[in-house]
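[1] structure, please.
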Amino acid sequence: MTIRVAGSQIPVTLDVPGNLAAILRSIEAAADGGADILLTPEGSLSGYTHTFDQAAVEHALQEVRSFARKRRLGLALGTCFIESDGRCYDQLRFYGPDGSYLGFHSKTLTCGTLGVPSRGEIEHFSVAPLRTFTIKGIPCGGLVCNDMWANPGYTPMPDPHLSQKLSEAGARIVFHSVNGDRDGSSWSTESSWNYHQSNLELRARAGRLFIVTVDNCAPLDLPCASPGGVVGPEGTWLVRAPRQGEHVFHLDISLQLPVE
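    Just a heads-up that it's a prediction; the model follows:
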């Protein structure tokens, strides 16, 4: 079984119309490249914030969903969103190529200070149980940013090895949506980058997973904080995005699934 994945390294800001335009561009590029599903960065529609305009995001989401359905493209869409339970989630929302809504993964290792009480996004985003999604018959999972590497400087929570849990739940592909810190310093472009890269490689190999990952590329004059591309089950990169600027990549992933 083969699925063609795409990832969009696009700028993410607090401007919902600007974010919408970037997502629509990436849908066009992914569909033109024959992709079955497109991954976007963390908060790519709403902006990476809990203070977004929910009505504006809902309206933009309908436009994204309609355009993706028209192009027969599934989505792993990064956005913050207030669900019907009244709670705000930092999500990856999954849609099939027919526009059907499959559900969402919520960021689990939300960032916060190490003091008690912890301060930061941990105060604003809720968490839902880990789950998998079936896309073109393939079990898949979603993770958001720190969910993958559990950077101890960004969360007071212990590392539950979520990628491994998804592997144990049967996932073969993990879609990983990132919005990383960057300031152009050597720490950001070397130490932090290398930490993110090695974690992606190690966790793909440990879980025998394909990991599709994309980062926010804003501001455009700085390199991304985390690599974009696809890591295979051997822990090697099968496709890489450039370190800076807007880019959409594609890759065919072939899998042999057990016969039930």
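[2] low pLDDT regions in the stretch 151-260 of the chain?
    257-260 (pLDDT under 70).
[3] can you pull out the strands in it?
    Along the stretch 151-260 of the chain, counting by DSSP state E, counting those that start in this stretch, strands occupy 173-177, 210-214, 229-231, 237-240, 247-254.
[4] could you report the neighbour count for residue 21?
    Neighbouring residues of residue 21 were enumerated by other Cβ atoms under 10 Å; the total is 14. The C-beta positions use only the backbone N, C-alpha and C, and glycine is treated the same way.
[5] got the contact list for the helix or strand where it lies?
    Here residue 21, judged by DSSP states H and E, is contained in helix 16-32. Contact with helix 16-32 is made by 6, 8, 10-13, 38, 40, 44-47, 52-53, 56-57, 60, 63-64, 67-68, 71-73, 75, 77, 246, 248, 250, as judged by Cβ atoms under 8 Å, 6 or more residues apart in numbering.
[6] of these, which belong to strands?
    Here DSSP state E is the test, and the contacts of helix 16-32 give 6, 8, 38, 75, 77, 248, 250 as lying in strands.
[7] identify the farthest-apart pair in the residues you listed.
    Farthest-apart pair in the ones in strands among the contacts of helix 16-32 is 77 and 250; separation 17.4 Å (Cβ to Cβ).
[8] comparing the two, which shows the higher neighbour count?
    residue 77 (27 against 18).
[9] which residue is the nearest non-sequential neighbour of that one?
    Nearest residue to residue 77 in three dimensions, chain neighbours excluded: residue 93, at 4.6 Å (Cβ to Cβ, 6 or more residues apart in numbering).
[10] element containing that neighbour?
    Assigned by DSSP H and E, residue 93 falls within strand 88-95.
[11] got the angle for the helix or strand following that strand vs strand 88-95?
    Remark: after strand 88-95, the chain's next helix or strand is strand 101-106, criterion DSSP H and E. Interaxial angle, strand 101-106 versus strand 88-95 (axes from the mean of the first three to the mean of the last three Cα atoms, to 10 degrees): 140 degrees.
[12] give me the sheet partners of strand 101-106 and which way each runs.
    Note on strand 101-106: by DSSP bridges, its sheet partners are strand 88-95 (antiparallel).
[13] and the partner strand, how far out from the chain's middle?
    9 Å (Cα atoms, centre = their mean, to the nearest Å).
[14] angle of it against strand 173-177?
    Here strand 88-95 runs at an angle of 140 degrees relative to strand 173-177 (the same axes, to 10 degrees).
[15] of the contacts of helix 16-32, just the buried ones, ChimeraX syntax please.
    Typed into ChimeraX, the line below selects the buried ones among these, using 16 or more other Cβ atoms under 10 Å:
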select :6,8,10,11,12,13,38,40,44,45,46,47,52,57,60,64,67,68,73,75,77,246,248,250
